[in-house]
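Engineer: Requesting a structural model of the entry that follows:
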Amino acid sequence: MQRWMNIDASVFKLRVGPNYKKHGKKESSLPAFYEVVTFDYYKCDTVHSNIASIINLPVPKHISPHPDIPSLFIMNYIVPDIKAAMMSPPSEGPCVQVVFIAQLKQEVVEVLKNMDTAPPVYKLFAEWCKHGTEHPQYKGCVVRRCLFLPRLHTLPDIAVGNAR
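Structural biologist: Here you go, the predicted structure:
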């Protein structure tokens, strides 16, 4: 039985600039560029940073026309499977790897076909895909992170914490 689903990205309120600190304005997110097509987890003896090199990837339904924007977006969350100590270095040992694979949506492919007329968010994403953490804008910042926002719809049914 499937225990997850893609949701409308507009349910998430995102910071809007300029001057977010002053105005505190938030607006609904634009539609997501990708939709999750598979979600798996693997119990591993060691960390596999490039998990895509050892798993079977789905064939993307929609191919990106942009050289820097991938047709598949792979998120690999690594959860150590050892008792953690407060000041210990990151573990390369036993872990659980939670892997989400998302594919580019067809409507995004259509926009990417003409970047000259694409909204700024598409150009920003293309820049991020091309340069990632090497971009001068990120120098000295905390990078290599992804915000994962799950949304639980039936909390009492899944018995988490004090929910009954």
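Engineer: alpha carbons only for contacts and neighbour counts from here, please
Structural biologist: Noted.
Engineer: Just confirm Y34 contacts A102, I think it does.
Structural biologist: Yes: using Cα atoms under 8 Å, Y34 is in contact with A102, at 5.6 Å.
Engineer: So for these two, which residue has more residues nearby?
Structural biologist: Ranked by neighbour count (other Cα atoms under 10 Å), Y34 and A102 place A102 first, with 21 against 18.
Engineer: ok so, going back, who touches both of Y34 and A102?
Structural biologist: Common contacts of Y34 and A102, defined by Cα atoms under 8 Å, 6 or more residues apart in numbering, comprise F73.
Engineer: list the buried ones in the lengthiest helix in the chain?
Structural biologist: Longest helix in the chain by number of residues, with DSSP state H as the criterion: helix 120-131. Buried residues in helix 120-131, counted by 16 or more other Cα atoms under 10 Å: 122, 126, 128.
Engineer: Remind me which helix or strand E35 belongs to.
Structural biologist: When elements are assigned from DSSP states H and E, E35 belongs to strand 34-44.
Engineer: Which other helices and strands does that strand contact?
Structural biologist: strand 95-104 (3 or more Cα pairs under 8 Å, 6 or more residues apart in numbering; DSSP states H and E).
Engineer: quick one: the residue nearest to S29 when sequence neighbours are not counted from S49, how far?
Structural biologist: The shortest distance from S29 to any non-neighbouring residue, by Cα to Cα, 6 or more residues apart in numbering, is to S10 (4.5 Å). From S10 over to S49 the distance is 31 Å, taken as Cα to Cα, to the nearest Å.
Engineer: Can I get the longest helix of the chain as CSV, trimmed to CA atoms?
Structural biologist: C-alpha atoms of helix 120-131 as CSV (Å, rounded to 0.1, in the frame of the first residue of the first chain):
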residue,chain,number,x,y,z
PRO,A,120,13.2,34.1,-13.2
VAL,A,121,12.7,31.1,-11.0
TYR,A,122,13.6,28.8,-13.9
LYS,A,123,16.8,30.7,-14.6
LEU,A,124,17.7,30.7,-10.9
PHE,A,125,17.2,26.9,-10.8
ALA,A,126,19.2,26.4,-13.9
GLU,A,127,22.1,28.4,-12.4
TRP,A,128,21.9,26.4,-9.2
CYS,A,129,21.9,23.1,-11.1
LYS,A,130,24.9,24.3,-13.1
HIS,A,131,27.1,25.6,-10.3
